[in-house]
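Chemist: The amino acid sequence is not available; the structure is as follows:
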């Protein structure tokens, strides 16, 4: 691709999953609409043979659709577009992953970053980098850390060192960080009585005391190595005659390794042979922020190739697994040094892995043995078992990703919450993965990220989420199990043969409910886009008739509270403000339509605003409203039909039509 096509591809990738207009592309690249269309036609001729296609839709623009990830990634590599984990930069498309990558560089590697260079490396616009950094500032505030920038230099993080370590632990090794080695290996029976968290703290402390820059992946690998070393010692194995020479350039690494071993010995009352210090030093010498040698670069390319073939056999995307790729890469570097020096590393888990995880072991041996760097050596099963730990964690992560991701919400104590979690897991473990158990007021945007289903012991019928929610008792009775099965079935993960046919009473149908709760008095059309504050105030005024004198003030506060708990913007065009707790005497809904689109926080084209006011007395039938709204989110055609003739009757007719479709399903 030429430079202009490269830039168009960059914009399409950055907006993957959504349409971007030719006008937007033309403005961004200083080209005409016609030139953009010409370039895209030419690009489509190429992409159709490279695992992707650019779709066009009248009135919406262009959208990139990747049909064959492996083939497309290879094409991108040839175009020097580094989106996969080829070297030090992973494929970073999700905002949270992107921010963690930036934080990794700023905190763990103590880097000074440049906005322009970062935008180029992460393949995003400068405005996206600026937005990410602003959100990082907010994440740092509770730790009294600040982002400092200087023109011509870049930006970095300043603050107390202990606060930095606290933030690093919470961000990269806490429960909210997707760490497959900790979750699937550290919490398994493989490492009983060994605390991954304690080892992580020791390694982090000692590395930072000596200002040794190591990434989260290096720390992960060191924790795994130390855990195996502890088991080796406990079972009578020792690493002897390491033959590792420490020169003046590796003094810091050796010092850190020595201090780590000393602290682990003291904490666990065990004694390491001196050779373990040498091998730990070797791991630190291979840290990822060192300048890559030619061999490391070739090893990276070969590893990508191997993971692509493994992915094709398993039908699982391992190529984009940043932690698997870098975990293997950072293990292979010191492993190659050991193999060159004839150092044998015993793995006390070899028999357990061979017997209990044969698939991961065989896959690891079959594919990684294809690496040209390993072929000159005779590699024993101890080494393959060590490498397979990384593959095991990745496969388990992929397996759990394919399950429904479930969040459990409880109002009672920890014991009751765990009781519900255990009952749900025992009943539906084959279909769901319980991500976390939270109290109602612990809910926030991060906790709701990538969640498919909410199971709550609290009645949250008055709170609207983007995902389905099931209200159950802590004891999970037969009726509760049926409700959960029903939701799983509707999401498409479980075939329910005993699922009864839906029966609807016309008296309580969704149509009648909407006709009663959606009136012309509660419907506003804005020819001129209003501010968010003005719109909420005017909608609440419409709904306040017959309510408490302080209804508007209370609702405003509760809407703000709900926004702090999680996103209420359901799409590029639809937002659904509602209270965290019911305030109204009766259930009501007000609707605003803004044909030109209005600004709502970070969104600029919101056209439909549904303000729901649930009742604190009863909310029977409110799900008819919420399900219809959720259905409208994906029904672009109905949105267009409403906007083509903006009247209350036209809106209500289409809204009722959506409800009828819901009931028919």
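Modeler: Yep, it's here. As the structure is a computational prediction, the values presented were derived from the model and not from experiment.

Chemist: Quickly note the distance from the most far-flung residue of the chain relative to its centre to residue 613.
Modeler: Distance from the centre of the chain peaks at residue 546, with 44.1 Å (Cα atoms, centre = their mean). According to Cβ to Cβ, to the nearest Å, residue 546 stands 11 Å off from residue 613. (Glycine included, C-beta is placed from N, CA and C.)

Chemist: returning to what we had before: could you pull up the contacting residues of the residue farthest from the centre of the chain?
Modeler: Contact analysis of residue 546 by Cβ atoms under 8 Å, 6 or more residues apart in numbering lists 585, 586.

Chemist: got the domain boundaries for the chain?
Modeler: For the chain, automatic domain parsing gives the domain ranges 3-70, 93-167, 173-197+211-396, 403-491, 506-664.

Chemist: Let me see the ranges of the strands in the stretch 151-300 of the chain.
Modeler: Applying DSSP state E, counting those that start in this stretch to the stretch 151-300 of the chain gives strands spanning 154-158.

Chemist: Can you pull out the low-pLDDT segments for it?
Modeler: For the stretch 151-300 of the chain, residues meeting the criterion pLDDT under 70 lie at 175-180, 182-184, 186-189, 237-250, 286-294.

Chemist: now the helices: where do they sit in it?
Modeler: Along the stretch 151-300 of the chain, the segments classed as helices by DSSP state H, counting those that start in this stretch run 161-172, 180, 196-209, 216-234, 251-268, 274-285, 294-314.

Chemist: Include distance to residue 16 and mean neighbour count when you put these into a markdown table, please.
Modeler: Output for the helices of the stretch 151-300 of the chain, formatted as a markdown table (distance: least, Cβ to Cβ, whole Å; neighbours: other Cβ atoms under 10 Å):
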| stretch | distance to residue 16 | mean neighbour count |
| --- | --- | --- |
| helix 161-172 | 25 | 17 |
| helix 180 | 24 | 22 |
| helix 196-209 | 34 | 20 |
| helix 216-234 | 25 | 22 |
| helix 251-268 | 40 | 18 |
| helix 274-285 | 36 | 21 |
| helix 294-314 | 19 | 17 |
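
Chemist: and the residue farthest from the centre of the chain, what are its phi and psi?
Modeler: Backbone geometry at residue 546, expressed as degrees, to the nearest 10, gives phi 80, psi 10.

Chemist: mind checking how far it is from residue 578?
Modeler: Distance from residue 546 to residue 578, by Cβ to Cβ: 19 Å.

Chemist: circling back to that earlier point, dump the domains of the chain into TSV; add distance to residue 203 as well.
Modeler: TSV is the format used below for the domains of the chain (distance: least, Cβ to Cβ, whole Å):
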stretch	distance to residue 203
domain 3-70	34
domain 93-167	11
domain 173-197+211-396	5
domain 403-491	26
domain 506-664	34
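
Chemist: Least reliable of those by average pLDDT, please.
Modeler: In terms of average pLDDT, domain 403-491 trails the rest of the domains of the chain, at a mean of 77.

Chemist: Can you measure across it, start residue to end residue?
Modeler: The first and final residues of domain 403-491 sit 11 Å from each other (Cα to Cα, to the nearest Å).

Chemist: Run the chain-centre distance for that domain.
Modeler: 19 Å (Cα atoms, centre = their mean, to the nearest Å).

Chemist: repeat for stretch 198-211
Modeler: Offset of stretch 198-211 from its chain centre (Cα atoms, centre = their mean): 26 Å.

Chemist: who touches it?
Modeler: Residues outside stretch 198-211 that contact it (Cβ under 8 Å, 6+ apart): 110, 161, 164-165, 168-169, 173, 213-214, 219, 222-223, 226-227, 252, 255-256, 259-260, 263-264, 267, 284.

Chemist: again with stretch 554-569
Modeler: Applying Cβ under 8 Å, 6+ apart, the contact partners of stretch 554-569 are 441, 443-445, 447-448, 463-466, 536-537, 540, 543, 548, 575-581, 583-584, 600-601, 603, 606, 613.

Chemist: quick one: buried residues of stretch 653-662?
Modeler: Residues of stretch 653-662 classed as buried: 654, 655, 656, 658, 659 (neighbour count, 16 or more other Cβ atoms under 10 Å).

Chemist: Could I get those residues in CSV, plus columns for distance to residue 421?
Modeler: Formatted as CSV, these follow (distance: Cβ to Cβ, whole Å):
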residue, distance to residue 421
654, 41
655, 37
656, 39
658, 35
659, 34
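
Chemist: if we take these, which one ends up nearest to residue 527?
Modeler: The nearest member of the buried residues of stretch 653-662 to residue 527, counting by Cβ to Cβ, is residue 654 at 20.2 Å.

Chemist: which residues does the closest one contact?
Modeler: Listed by Cβ under 8 Å, 6+ apart, the contact set of residue 654 reads 638, 641, 642.

Chemist: Report the buried members of these.
Modeler: The neighbour-count test (16+ other Cβ under 10 Å) marks 638, 642 as buried among the contacts of residue 654.

Chemist: Which ones among the contacts of residue 654 map onto helices?
Modeler: With DSSP state H as the criterion, helices contain 638, 641, 642 from among the contacts of residue 654.

Chemist: Save these as TSV, and put in distance to residue 387 too.
Modeler: Shown next, in TSV, are those (distance: Cβ to Cβ, whole Å):
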residue	distance to residue 387
638	52
641	57
642	56
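
Chemist: So what touches stretch 353-362?
Modeler: Against stretch 353-362 from outside (Cβ under 8 Å, 6+ apart): 190, 347, 381, 384, 385, 388, 389, 391, 392, 395.

Chemist: Sorry, slip of the keys, the one I care about is stretch 129-146.
Modeler: 95, 98-99, 102-103, 115, 118-119, 122, 147, 155, 157-160, 163-164, 166-167, 171, 602.

Chemist: how about 6 Å then?
Modeler: 98, 99, 115, 118, 119, 147, 157, 158, 159, 163, 167 (Cβ atoms under 6 Å, 6 or more residues apart in numbering).

Chemist: The fourth one and residue 159: what is the separation?
Modeler: Per Cβ to Cβ, residue 118 is found 21 Å from residue 159.

Chemist: who has more neighbours, these two?
Modeler: Shown here are residue 118 and residue 159; by other Cβ atoms under 10 Å, residue 118 has more neighbours (21 against 16).

Chemist: show me where the chain has strands.
Modeler: For the chain, strands defined by DSSP state E occupy the ranges 52-57, 61-66, 146-150, 154-158, 404-410, 432-439, 453-456, 469-471, 523-525, 574-575, 588-600, 603-613.

Chemist: so the last one versus strand 588-600, what angle?
Modeler: Strand 603-613 and strand 588-600 are oriented at 160 degrees to each other (axes from the mean of the first three to the mean of the last three Cα atoms, to 10 degrees).

Chemist: Work out the sheet partners of strand 603-613 and label each with its direction, please.
Modeler: Applying DSSP bridges, strand 603-613 is found paired with strand 574-575 (parallel), strand 588-600 (antiparallel).

Chemist: Could you point out which of those strands sits nearest residue 480?
Modeler: Nearest to residue 480, of all the strands paired with strand 603-613, is strand 588-600, at 28.3 Å by Cβ to Cβ.

Chemist: which other residues reach the closest one?
Modeler: Applying Cβ under 6 Å, 6+ apart, the contact partners of strand 588-600 are 517-518, 522-526, 529, 532, 535, 539, 542-543, 575, 605-607, 609-613, 625, 643, 646.

Chemist: Just the buried residues of the residues you listed.
Modeler: The buried subset of the contacts of strand 588-600 - by 16+ other Cβ under 10 Å - is 517-518, 522-524, 526, 529, 535, 539, 542-543, 575, 606-607, 609-613, 625, 643.

Chemist: can you list the strands of the chain in a markdown table and add distance to residue 195?
Modeler: Output for those, formatted as a markdown table (distance: least, Cβ to Cβ, whole Å):
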| stretch | distance to residue 195 |
| --- | --- |
| strand 52-57 | 45 |
| strand 61-66 | 41 |
| strand 146-150 | 32 |
| strand 154-158 | 28 |
| strand 404-410 | 25 |
| strand 432-439 | 20 |
| strand 453-456 | 30 |
| strand 469-471 | 35 |
| strand 523-525 | 58 |
| strand 574-575 | 44 |
| strand 588-600 | 45 |
| strand 603-613 | 44 |
